[in-house]
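**Student:** Output the structure for:
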Amino acid sequence: MTTKSNEHDILITYFSTASKENQPFAWINNYHGSPVHFNSPVRVSTLVTRLVTDATGTLEASQHDQNTSLVMEPVPITSQKHDPAWKHCQMFKSGDRIQIKCIYCSKLFRGGGIHRIKEHLAGQKGNASTCLRVPPDVRGLMQLSLDGVVVKKRNRQKLDEEITNITPRPDGEVDSLGGAHIDVNNAVQLVGVSVEPVSRLLVNREGVTSVRSMDRRKRGRGKTSSSHGAHGVCNSGALVSRKVNGYVHEAIGRFLFDIGAPMEAVNSAYFQQMIDAIASGGPGVEPPTCHDLRSWILKNSVEEARNNIDKHRATWGRTGCSILVDQWNTELDNVMLSFLVYCPEGTVFLESVDASAIINSSDALYDLLRRVVEDVGVGDVVQVITSGEEQFIVAGRRLTDTFPNLFWIPCAARCLDLILEDFGSLDWIHAVIEQARSITKFVYNHNVVLNMVRRSTFGNDIVEPGVTRFGTSFTTLKRLVDLKHCLQVMVTSQEWMDCPYSKEPGGLEISDLISDRDQSFWSSCTLIVRLTSPLLRVLRMVGYEKRPAMGFIYAGIYRAKETIKKELVKREEYMVYWNIIDQRWEQHWNFPLHAAGFYLNPKIFYSIEGDIHNSIQSGMYDCIERMVPDIKVQDKIMKEIISYKNAAGDFRRKMAIRARDTLLPAEWWSTYGGGCPNLARLAIRILSQTCGSIGYRQSQIPFEKAHGIRNCLERQRLRDLVFVQYNLRLRQMVDKNNGEDCMDPISFDSISIVEDWVTGKDMCSEDLEGSSWMSLDSPSASTMLLGPSNDDADDLGSGFYDGEIFSRGKDGEIEIVEDNVENH
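**Tutor:** Below you'll find the model as predicted:
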């Protein structure tokens with residue numbers, strides 16, 4: 001039962017939270033949705049009793065869980081769970097039952113799913129008690145989410161009722177709609193439906209689904225139902241839905257075309273939120289004015305972005321963070337530097353700097369890096385990641401001299417891209433790439449051929465944009481290999497034979513290459529794919545937001561070299577590729593964080609039989625001395641390493657052994673590292689870091705305007721706009737949906753990264769007249785032909801025994817790293 005001290009703690013929590021807003025009783029307005037205003041403590045006792053009653057249930061549930069004999073095993077929340085409430089709870093498995101736990105008040109829910117905990121967080125009456133400790137912004141977000149569910153449910157019910165009352169017209173009248181111009185507000189009247197204005201139908205994307213479900217209900221009634229009538233209703237409702245959606249889509253298109261927005265803007269996570277918000281406002285909703293956007297809306301967005309950074313900052317003390325310096329050139333050839341901070345919660349943008357005047361000055365870069373480190377917090381920064389140019393190397397060394405507890409490391413993504421560029425420069429690989437490009441360039445510059453290819457490959461494109469320009473060369477070769485048989489069937493079909501383009505020189509060339517009677521082209525493509533796939537896997541891991549790469553990067557490079565060795569066998573052959581990797585990766589071999597991440601990843605560490613290679617252990621010891629200045633704590637860590645090596649204490653539990661493969665390395669240490677607290681703290685800080693920056697899109701963000709405008713007030717406004725835009729895009733990356741629409745390789749938004757594969761030679765006017773984009777079929781990728789999509793970390797496997805790889809091909813001797821790092 002709840003004691004008086006417990007009641008006192010509960011009330012103190014509530015009143016201290018409310019007092020921050022100088023409204024000690026304002027919180028009552030949100031309790032159970034009660035619109036009650038109290039200006040004095042009168043009648044508060046009754047409501048306090050309700051509060052304590054709700055809290056009692058939480059406390060009793062907690063006590064019950066402590067007394068239960070079942071062990072609560074944590075279950076990771078997968079990326080398929082997109083509901084916003086999943087970010088505010090944890091999943092546990094107790095026996096065969098899944099339970100959900102609120103991260104704020106620790107209340108356990110044994111049923112009801114995510115909707116029930118959402119009601120709990122939102123403070124909504126119904127199936128769950130109110131959370132007493134949820135932050136106000138989270139409560140508001142959950143309330144909006146629940147409101148959206150209610151709106152969609154009401155819209156579905158409304159449409160079902162409207163369709164039920166439809167009186168079908170003769171077939172001729174329905175068909176006549178196809179060629180008529182429809183006013184959206186009167187469209188439904190043409191089929192005898194009386195409904196509210198179109199704004200009520202904007203969000204009803206389930207219109208067709210509702211019609212079909214009603215059709216099934218009618219069919220289920222037996223012989224007394226009129227199947228002809230149901231069929232007419234379906235056709236009428238679907239027709240209306242198509243007409244309404246078409247009108248809405250055209251209106252959206254005209255707006256985006258008018259403002260010059262990129263067409264991929266509709267892929268924004270906030271686009272659907274905007275549509276839902278407009279629809280929920282009803283027919284009387286008013287759009288914001290330009291002044292609204294420039295004033296209070298932008299101000300609120302800036303505050304929201306800053307609050308989000310503060311939430312991330314609260315975790316940096318435990319997990320540490322990485323400062324990422326992203327460099328690129330603008331259209332006016334100005335050099336811009338963006339400063340971002342990465343932690344497992346996500347990446348946030350701090351600021352951008354026009355570095356055109358200082359980019360070649362190591363002293364100026366050092367001063368800039370030092371200021372950013374101090375702003376973030378010296379004790380929270382584990383590493384600073386920049387490009388590998390000489391001036392950054394010098395600035396990075398000075399930075400580590402000033403702050404000896406952090407590391408400077410060049411961007412791993414950039415190094416991997418340079419390795420792939422060097423691979424592509426080898427004569428035989430370059431020749432195969434040029435042959436493959438001759439296929440794709442011809443296909444993507446002739447609409448008839450492109451449509452034929454897409455039909456033959458079940459909607460797949462033969463060009464696959466990679467995460468980098470040079471990575472695209474090898475992802476496209478893999479795509480061609482995956483679709484080889486479909487392409488071979490196409491070039492031997494009667495449709496291809498009858499196509500006039502098959503008789504042109506380009507058509508004859510691709511027929512010969514795809515047919516490949518001597519198998520030289522396809523066998524070469526297959527070998528290249530095998531040699532480069534492990535490197536592409538590492539590149540994807542570096543750019544993956546949901547899994548910090550530090551625990552996997554060393555193993556990924558090991559597997560890449562191991563694969564090359566197994567494919568080529570002869571030392572004089574595989575050393576050509578090993579030397580390319582070692583030369584570009586030289587700077588990374590010199591830094592111990594990657595080795596320590598390898599050592600502290602339990603899935604990798606316990607898969608090694610025998611002793612860990614000396615280079616790995618040395619890297620681990622370097623990190624201990626560098627990151628833990630207290631020698632007493634260093635000694636404790638060395639003792640705790642023995643427990644880790646021997647899998648002693650909680651490390652030997654069956655749950656811990658199973659969790660090596662299911663939990664992220666940092667989560668594993670957080671869960672089972674309690675017996676080695678000092679080592680666990682260090683492990684979490686190391687394993688929570690990334691290894692590079694990749695995939696951060698700067699397009700359509702007005703960096704140059706923000707730095708070039710002379711009016712100080714407008715310059716400040718534009719910089720805040722850049723701050724909001726960049727952080728909104730970064731927030732999308734964490735929850736990026738892998739199932740979103742496939743990217744068209746010839747779209748303007750992706751042309752820069754695939755230009756070498758789809759840009760044809762100078763085309764004559766006859767070719768232009770014969771190729772029209774208007775007759776193109778849209779890509780609709782079918783992954784059935786592309787092979788299984790495995791988890792990149794799982795593909796690393798187990799077993800790391802090849803000493804030649806660890807010693808980088810130096811006949812078993814570890815190379816002594818010189819002080820001067822060569823600039824690649």
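**Student:** secondary structure class for residue 288?
**Tutor:** Three-state assignment for residue 288 (DSSP: H, G, I helix; E, B strand; the rest coil): coil.
**Student:** quick one: it and residue 298 touch, right?
**Tutor:** No: taking contacts as C-beta atoms under 8 Å, residue 288 lies outside contact range of residue 298: 10.6 Å. Placement of C-beta: from N, CA and C, glycine included.
**Student:** Model confidence score at residue 142, please.
**Tutor:** Looking at residue 142, its pLDDT is 86.
**Student:** doesn't it fall inside a strand?
**Tutor:** No: assigned with three-state DSSP, residue 142 falls outside any strand and is helix.
**Student:** Can you tell me the closest non-neighbouring residue to it?
**Tutor:** residue 122 (3.7 Å; C-beta to C-beta, 6 or more residues apart in numbering).
**Student:** residue contacts, the one you found?
**Tutor:** Applying C-beta atoms under 8 Å, 6 or more residues apart in numbering to residue 122 gives the contacts 139, 142, 143, 145, 146.
**Student:** Out of those, which is nearest to residue 513?
**Tutor:** Closest approach between those and residue 513, by C-beta to C-beta: residue 145, at 52.6 Å.
**Student:** Can you give me the neighbour number for that closest one?
**Tutor:** Using other C-beta atoms under 10 Å, the number of residues around residue 145 comes to 16.
**Student:** One more: residue 328?
**Tutor:** There are 12 residues near residue 328, going by other C-beta under 10 Å.
**Student:** got it, and residue 289?
**Tutor:** Residues near residue 289, counting by other C-beta under 10 Å: 10.
**Student:** now, among the contacts of residue 122, which is nearest to residue 725?
**Tutor:** residue 145 (23.9 Å).
**Student:** That closest one and residue 137, how far apart?
**Tutor:** 13 Å (C-beta to C-beta, to the nearest Å).
**Student:** try residue 111
**Tutor:** Note on residue 111: its distance to residue 137, by C-beta to C-beta, is 28 Å.
**Student:** Also residue 320?
**Tutor:** In terms of C-beta to C-beta, residue 320 sits 25 Å off from residue 137.
**Student:** These two: which has the busier surroundings?
**Tutor:** Taking other C-beta under 10 Å, residue 320 and residue 137 do not tie; residue 320 has more neighbours (25 against 12).
**Student:** Next one, pLDDT for the more buried one please.
**Tutor:** 97.
**Student:** need the contact list for it.
**Tutor:** Residue 320 makes contact with 343, 380, 381, 382, 684, 685, 686, 688, 689, according to C-beta under 8 Å, 6+ apart.
**Student:** same thing but 6 Å
**Tutor:** Each residue near residue 320 by C-beta atoms under 6 Å, 6 or more residues apart in numbering is listed here: 382, 685, 688.
**Student:** Name the nearest residue to the last one, sequence neighbours excluded.
**Tutor:** When you say that, I think you mean residue 688. Using C-beta to C-beta, 6+ apart, the closest residue to residue 688 is residue 319 (3.9 Å).
**Student:** Surely that neighbour touches residue 343?
**Tutor:** Yes: contact status for residue 319 versus residue 343: in contact at 5.4 Å, counting by C-beta atoms under 6 Å.
**Student:** Tell me where the stretch 201-350 of the chain has strands.
**Tutor:** 321-329, 335-343, 346-354 (DSSP state E, counting those that start in this stretch).
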